[in-house]
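>>> sequence and computational prediction follow.
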Amino acid sequence: MLQLRLREEGFEVLSATDGKEGLRKAAEETPDLILLDVVLPGMSGIDVCIALKDDPRAKEIPVLLLTASAMRGLEDRVKTFGVAGCLVKPYEMSQLLEMIGAILQT
């Protein structure tokens, strides 16, 4: 659903079914932004983010973390992993688009 909505907004969207595929695609395609869920099959989104930041081909790609967890301090903690932003589900599409716009303008 998110992919469809982002395409409707004019974004080119690449997707991955798990963290390992996401890491491979990020290194090969070098997207402008990565939307990354915390909960992924195989490896967590935080582990993916750490791996992205350790990869010279992908370390400069901004990451927007999407999470269902409203754990206290999560946003501050994940910023130490190089996350550009964190959005807690459920969120409004307008919030996501605003964060994407802010990240891509920097």
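That came through fine. Numbers count the residues shown, from 1 in each chain.
>>> let me see the ranges of the strands in this structure.
34-37, 63-67, 85-88 (DSSP state E).
>>> a markdown table for those strands, including distance to Gly45 and mean neighbour count?
Every residue, glycine included, has its C-beta placed from N, CA and C. Output for these, formatted as a markdown table (distance: least, C-beta to C-beta, whole Å; neighbours: other C-beta atoms under 10 Å):
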| stretch | distance to Gly45 | mean neighbour count |
| --- | --- | --- |
| strand 34-37 | 5 | 21 |
| strand 63-67 | 6 | 21 |
| strand 85-88 | 10 | 18 |
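>>> can you list these in JSON lines and add mean pLDDT?
Below are these laid out as JSON lines (pLDDT from 0 to 100):
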{"stretch": "strand 34-37", "mean pLDDT": "94"}
{"stretch": "strand 63-67", "mean pLDDT": "91"}
{"stretch": "strand 85-88", "mean pLDDT": "87"}
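>>> now tabulate the ones you listed in TSV and tack on distance to Asp47.
As requested, the strands of the chain are exported to TSV (distance: least, C-beta to C-beta, whole Å):
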stretch	distance to Asp47
strand 34-37	10
strand 63-67	12
strand 85-88	16
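>>> and the residue nearest the centre of this protein?
Compute the mean C-alpha point of the chain, and by C-alpha atoms, centre = their mean the closest residue is Leu35, 2.4 Å away.
>>> identify the bridge partners of the residue nearest to that residue when sequence neighbours are not counted.
Using C-beta to C-beta, 6 or more residues apart in numbering and skipping the chain neighbours, the partner closest in space to Leu35 is Leu64 (5.2 Å). Counting by DSSP bridges, Leu64 forms beta bridges with Leu35, Gly85.
>>> contact partners for Leu64?
Residues near Leu64 by C-beta atoms under 8 Å, 6 or more residues apart in numbering: 33-36, 83-87, 96, 99-100, 103.
>>> just the closest of the residues you listed to Arg57, please.
Set against Arg57, the nearest of the contacts of Leu64 by C-beta to C-beta is Ile34 (12.7 Å).
>>> so the closest one versus Cys86, what's the distance?
For Ile34, the distance to Cys86 equals 13 Å [C-beta to C-beta, to the nearest Å].
>>> would you map the helices across this structure?
Secondary structure of the chain (DSSP state H): helices located at 2-8, 19-29, 45-54, 74-79, 93-105.
>>> sweet, I'm off.
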